[in-house]
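K.L.:
One predicted model, sequence on top.
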Amino acid sequence: MLDKINQYAAEIAAIQPQNKVALEDFRITYLSKKGLISTLFENFKAVPNDQKKAIGGELNKLKQAAEAKLALLQEMLSNQGDDLKDDHFDYSLPTIPHQIGTRHPLWLVKNRIIEIFERMGFSIATGPEIEDDWHNFSALNFAENHPAREMQDTFFVNLNPDIALRTHTSSVQVRTMETQKPPIRILSPGRVFRNEAITARAHCFFHQIEGLYINENVSVKDLKQTLLYFAQEFFGKKTNIRMRPSYFPFTEPSVEVDISCQICGGKGCNVCKHSGWVEIMGAGMVDPNVLENCGIDSKKYTGFAFGMGIERITMLKYQIKDLRLFSENDVRFLRQFQHI
Ligand code: DAH
């Protein structure tokens with residue numbers, strides 16, 4: 001019996017349960033009612049009387065050692081959670097910050113513009129960035145020898161000169177009028193491409209938003225009021241607009257639209273080149289030829305169209321001086337627009 005006592009004492013001294021489950025195993029093995037130590041106490045009854053004192057003393061020591069070890073280990077492991085309930089992790093600790101990306105200013109401005117026109121009933125239309133001559137030029141009344149078709153402006157596809165990267169979103173006007181019946185009221189945001197050297201003021205790709213409204217009895221009045229509403233919603237209530245005569249093949253009459261200068265309020269400064277006005281877009285009444293090219297009866301319907309550069313509008317509103325900043329993806333630039 002003494003051998004067993006010594007053996008268990010050595011085992012108990014050596015045992016190191018790493019978690020609460022192993023500790024419970026230890027308790028059941030040695031200290032439960034049917035455990036090894038209880039069994040020794042059972043067997044103790046058969047120990048000859050003259051040995052009872054010595055062995056009894058050792059047995060009691062073993063039991064105390066086992067109980068002390070159990071208590072100590074319970075204390076040590078009480079901080080370790082086997083489930084979330086006694087998990088002492090502090091969930092209010094700050095996390096390791098993850099740097100997430102930022103919304104691009106062009107994306108934010110595009111959505112702001114869309115939101116304003118949606119209030120007037122415009123919906124979104126899209127078209128392909130790789131376009132054919134008909135949709136980008138011919139249907140829009142560009143004469144065969146119009147300079148915009150020449151190589152310096154347009155990226156043509158080598159294998160097929162009938163295919164090009166679209167130079168403007170006006171191509172979506174054509175696609176929409178070919179497939180929808182008036183009344184038509186669409187806005188078409190998208191990327192456009194021009195064969196230009198990249199500078200602070202020009203890029204080989206940029207973004208435009210095209211607008212088109214076709215219905216019976218649409219007049220220049222409707223165009224002007226629509227654009228005035230847009231300008232005042234986007235640039236501020238005090239903004240004024242003016243239209244200057246211009247030329248585009250697909251509109252007649254054609255205009256360029258200016259807003260009163262945001263910097264000097266119209267008094268004249270460097271930004272508006274001391275004129276008090278800054279150009280924001282091209283617009284006009286859709287040329288009857290364009291309506292007919294797209295299968296719309298030009299005797300019954302009239303309409304207006306406009307097109308603006310999203311980069312240009314963004315640069316004006318936030319006084320950004322270099323177009324290249326939009327495509328460099330420098331987060332120090334992009335982060336400044338998080339709260340607009
Ligand atoms: N497509 C023209 C450009 O890229 C912009 C434009 C002007 C669009 C007049 C229009 C418009 O719809 O009526 O310069």
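P.N.:
Thanks, I have it.
K.L.:
tell me the contacts of the residue in the stretch 1-150 of the chain that the ligand sits nearest to?
P.N.:
Proximity of the stretch 1-150 of the chain to the ligand (CB to the nearest ligand atom) peaks at Leu140, 8.1 Å away. C-betas here are computed from N, CA, C, even on glycine. Taking CB atoms under 8 Å, 6 or more residues apart in numbering, we find Leu140 in contact with Ser170, Ser171, Gln173, Val174, Pro249, Phe250, Val290, Asn293.
K.L.:
Try it again at 7 Å.
P.N.:
Neighbouring residues of Leu140 by CB atoms under 7 Å, 6 or more residues apart in numbering: Ser170, Val174, Pro249, Phe250, Val290.
K.L.:
Now for these: which two are most distant?
P.N.:
The most widely separated members of these, counting by CB to CB, are Val174 and Pro249 (12.4 Å).
K.L.:
circling back: name the nearest residue to the residue of the stretch 1-150 of the chain closest to the ligand, ignoring sequence neighbours.
P.N.:
In space, and not counting its chain neighbours, Leu140 is closest to Phe250: 4.0 Å by CB to CB, 6 or more residues apart in numbering.
K.L.:
Same check on Ser254?
P.N.:
Per CB to CB, 6+ apart, closest to Ser254 is Gly284, 3.8 Å.
K.L.:
Could you do Arg166 as well?
P.N.:
That would be Glu131: by CB to CB, 6+ apart, it lies 4.1 Å from Arg166.
K.L.:
which SS class is that neighbour?
P.N.:
strand (DSSP: H, G, I helix; E, B strand; the rest coil).
K.L.:
Show me the strands in the protein, by range?
P.N.:
123-124, 130-132, 156-157, 160-165, 184-193, 205-215, 241-248, 251-260, 277-286, 302-309 (DSSP state E).
K.L.:
Now do the last one against strand 277-286: the angle between them, please.
P.N.:
By that I understand strand 302-309. 140 degrees (axes from the mean of the first three to the mean of the last three CA atoms, to 10 degrees).
K.L.:
touching the ligand at all, strand 302-309?
P.N.:
Yes - using CB under 6 Å from any ligand atom, strand 302-309 reaches the ligand at Ala305, Phe306, Gly307.
K.L.:
shouldn't Phe248 be in contact with Ser254?
P.N.:
Yes - with contact defined as CB atoms under 7 Å, Phe248 reaches Ser254; the gap is 4.4 Å.
K.L.:
Thanks a lot, see you next time.
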